[in-house]
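>>> This is a predicted model, with the sequence first.
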2 protein chains.
Amino acid sequence: MRHYKTQMDAAKKGIITPEMIAVAKKEYRTPEEIRSLVAKGQVAICANRLHTCISPAGVGSSLRTKINVNLGVSGDCRDYNGEMEKVMAAVNMGADAIMDLSSHGNTQPFRRKLISECPAMIGTVPVYDSVIHYQRDLDTLTAKDFIDVIRLHAEDGVDFVTIHCGITKKTIQQIKNHKRKMNIVSRGGSLVFAWMSMTGEENPFYEYYDEILDICREYDVTVSLGDACRPGCLADSGDVCQIEELVRLGELTKRAWEKDVQVIVEGPGHMPLDQIEANMKLQKTVCMGAPFYVLGPIVTDIAPGYDHITSAIGGAIAAASGAAFLCYVTPAEHLALPDVEDVKQGIIASKIAAHAADIAKKIPHARDIDDKMADARRSFDWEGQWECSIDPETAKKIRDERKPEIKESCSMCGKFCAVRSMNKALSGEHIDIL
Amino acid sequence: MRHYKTQMDAAKKGIITPEMIAVAKKEYRTPEEIRSLVAKGQVAICANRLHTCISPAGVGSSLRTKINVNLGVSGDCRDYNGEMEKVMAAVNMGADAIMDLSSHGNTQPFRRKLISECPAMIGTVPVYDSVIHYQRDLDTLTAKDFIDVIRLHAEDGVDFVTIHCGITKKTIQQIKNHKRKMNIVSRGGSLVFAWMSMTGEENPFYEYYDEILDICREYDVTVSLGDACRPGCLADSGDVCQIEELVRLGELTKRAWEKDVQVIVEGPGHMPLDQIEANMKLQKTVCMGAPFYVLGPIVTDIAPGYDHITSAIGGAIAAASGAAFLCYVTPAEHLALPDVEDVKQGIIASKIAAHAADIAKKIPHARDIDDKMADARRSFDWEGQWECSIDPETAKKIRDERKPEIKESCSMCGKFCAVRSMNKALSGEHIDIL
């Protein structure tokens, strides 16, 4: 029998939970350090009490940077089993969280399957699912309908839910007046905006926020405060719409913590490289150290087909400057539903960004594997190099396809290989280049 | 009849050259601004007076970031015509410079063909070519042999030559004592080190630096000061070996400028993300604003097969913090000689990094194309989007392969498309999601 409602409730009461112990072990910290961070809201352990197969992970800027993979069934891709295979492949490739963005058919069986089988954190965006769940047009849904879907997700065992509660009636006017190039590009945010536009009512997720928090407290669902106004292009970045919403999210963070509900805060988006660090620092103060979950940031708008790279650049800088959680972006972003290869490329690019940031942040032991790789490279231990590689098969394939004339070296430099020359020079051997 | 020896000589004399006018036009600056930057050494216009088909470009941190593509014939790839096709494809994809790193056979015909046909800046590393040119073992070559090859390259019309003159006898001891994980990974640097180790003599490129400068002055060859000690892994980054060499390169920059020889300075290498900005600033002070040419920086060692991404992260940060010139890195780095597809991927990743940095640095008009893209996205103008794309064919292919159910949108979100919902909401239309 648990004597606490949520991880944060336990942490504030001085209780160290099994989840905190598990996180501490993974992160080379003491359970007490983790408890203290959870109590302050600086780490969220997104773990619904009903998600029993979870391998608990902590999200916070002082811990290893986590990555999220968006999957789910859509009108353009209705294959349930195929999607579940993608989920498990993503977890095996290192995804720490899976967001189920299913937008077609009966979404509950897939969601329940995820919760019963997947050890990663599971997140959802209940506003999408509302339209599908009720099979009714958006403007016919009531505030109660939306809240009921949040409860359904909580009961199904979802670990974190994205709620777009930072925009209000005032935002509608602001978006209209401000004439952003891309208006709102958050899928959930646009639905909330559309519902408010059509009904003339206040944002139900803002208006009934306390009721939502009560549900989240009951199951220990972490609230992921959605950024409806995240910039959808460089020109909109850091504008009044984005920053006013961030201020609202800071207030909502405080209200959640008062009910011991854990919080993560969503962030940009498309953003010029020079704005990223400042934005991360702003979020830290405004949201009092709550973990920041960024979607990108994408540092140029002109690279469709390569947005895993534009967001690896932005994500690495963001995580090194304080973001805790990176949403993967695939090469198909802005173009199509990602296929299996896109998912893989997206995960690898995000993992590179997260790992580079962890090294920069001096996360304990983050660089160990890089040092091991360097030793393997110096000694031409190719098997050792594959063991340290983020994607050993791809690396091995590139080398094997183009066999070098000098066996220990590679076909890029052949006998001109600097490592080879140096090893010979330092051991006093004669150096043959020709 | 030119009344000046080099662009820098002209600039110091107050002469505005045709090359300065061409650069000014490309960079939205006045010829006088460019002249002033060249006079101070903050911009190098790498243009050998014999490279008559060149389209002059300026390298400097206040100008658009330039990218270099390494190509050339090697023992593992001896196809001259194939390599020339790669060169022209690279230029069409946006390469500003081609470094000819040929390391096999008679290198002169390919080099001359490059100079007579290629409008991009051409760079070489004469130390490689010395071994090949004389077809003799490294330790049989004399200082004079090396200098003669530099002269040969200058006479052939090469625009910039990499000279590893920053290491001395003292460095040999330092490298041995310091016990770096990766010693020296610069190909040219390792040859110089090996030659010094075997002969016991001082670095000929350091010892005869004045003679080299006289050759460069004669043809207006820009000296690219090679960083033999650039870190080959994160563990070696920012160590005494690297920084002492940088200090030497600062002194050598000054000596070159005294003879009106233009300079670019090479930089890292493998480097943790948090060290990059500081390194760029250090180079700026130590080398008095000379353009910095970085090879990466690669921000983690564990991603062979994906080093175009690790270096896009580092390159974007470096260029935003002051680097002027990025050497491309391909997915084959550390593994094999890049093939045509690798070259393409390397160029695109470098261009993304350079462009993201130019936006961050507020280079005039850099963001115009991003703003145009945003307008095309908002209005579902897909043709307009392809026009703004860095690689239109790839982007179009991804979308076309996975046709959406809603024609104007894409298969990622279908009817849930935020842009579609917002366009309808803002024009007062009913929003149909189901």
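Yes, it's here. Numbering: from 1, shown residues only, chains lettered A, B, ... in the order given.

>>> Are we agreed that A:I309 is in a helix?
Yes. Under DSSP: H, G, I helix; E, B strand; the rest coil, A:I309 falls within a helix.

>>> show me the contacts for it.
Going by CB atoms under 8 Å, 6 or more residues apart in numbering or on different chains, A:I309 touches A:A303, A:A349, B:H308, B:I309, B:A312, B:I348, B:A349, B:I352. (C-beta placed from N, C-alpha, C; glycine too.)

>>> wait, what's in contact with the first one?
Residues near A:A303 by CB under 8 Å, 6+ apart: A:I309, A:T310, B:I348, B:I352, B:S389, B:I390, B:D391.

>>> Give me the pLDDT for it.
With respect to pLDDT, A:A303 has a value of 98.

>>> Helix, strand, or coil at it?
Applying three-state DSSP to A:A303 yields a three-state assignment of coil.

>>> Show me the helices in the stretch 101-250 of chain A, by range?
According to DSSP state H, counting those that start in this stretch, the stretch 101-250 of chain A carries its helices in the segments A:108-117, A:126-134, A:143-156, A:169-178, A:187-199, A:204-207, A:209-219, A:240-258.

>>> The last one packs against which elements?
The reference is to helix A:240-258. helix A:169-178, helix A:209-219, strand A:222-225, strand A:263-267, helix A:273-286 (3 or more CB pairs under 8 Å, 6 or more residues apart in numbering or on different chains; DSSP states H and E).

>>> average model confidence for that helix?
Here the average pLDDT along helix A:240-258 is 96.

>>> what's in contact with it?
Taking CB under 8 Å, 6+ apart as the rule, helix A:240-258 contacts A:8, A:41, A:165-168, A:171, A:174-175, A:178, A:180, A:209-210, A:213, A:216, A:223, A:225, A:227-231, A:236, A:262-263, A:265, A:268-269, A:282-283, A:286-288, A:290.

>>> Run through these and flag the ones next to chain B.
A:I175, A:D236 (CB under 8 Å from any CB of the partner chain).

>>> From the contacts of helix A:240-258, list just the buried residues.
Among these, those buried by neighbour count (16 or more other CB atoms under 10 Å in any protein chain shown) are A:8, A:41, A:165-168, A:171, A:174-175, A:180, A:209, A:213, A:216, A:223, A:225, A:227-231, A:236, A:262-263, A:265, A:268-269, A:282-283, A:286-288, A:290.

>>> hang on, the earlier thing: include distance to B:D156 when you put the contacts of A:I309 into TSV, please.
Output for the contacts of A:I309, formatted as TSV (distance: CB to CB, whole Å):
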residue	distance to B:D156
A:A303	37
A:A349	41
B:H308	30
B:I309	35
B:A312	33
B:I348	30
B:A349	31
B:I352	33
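
>>> wait, isn't A:G305 in contact with B:D391?
Yes. Using CB atoms under 8 Å, A:G305 is in contact with B:D391, at 5.6 Å.

>>> before we move on, back to that, which of the helices and strands packed on helix A:240-258 has the lowest average pLDDT?
Among the helices and strands packed on helix A:240-258, helix A:169-178 scores lowest, with a mean of 88.

>>> CA-only coordinates of it in PDB, if you can.
Provided in PDB are the C-alpha atoms of helix A:169-178 (Å, rounded to 0.1, in the frame of the first residue of the first chain):
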ATOM      1  CA  LYS A 169      -9.400  33.600 -25.600                       C
ATOM      2  CA  LYS A 170      -6.900  36.400 -25.500                       C
ATOM      3  CA  THR A 171      -4.500  34.400 -27.600                       C
ATOM      4  CA  ILE A 172      -7.000  34.100 -30.500                       C
ATOM      5  CA  GLN A 173      -6.900  37.900 -30.800                       C
ATOM      6  CA  GLN A 174      -3.200  38.000 -30.300                       C
ATOM      7  CA  ILE A 175      -2.600  35.500 -33.100                       C
ATOM      8  CA  LYS A 176      -4.900  37.400 -35.400                       C
ATOM      9  CA  ASN A 177      -3.300  40.800 -34.600                       C
ATOM     10  CA  HIS A 178       0.300  39.600 -34.600                       C
END
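
>>> Before I go, just wanted to say thanks for your time.
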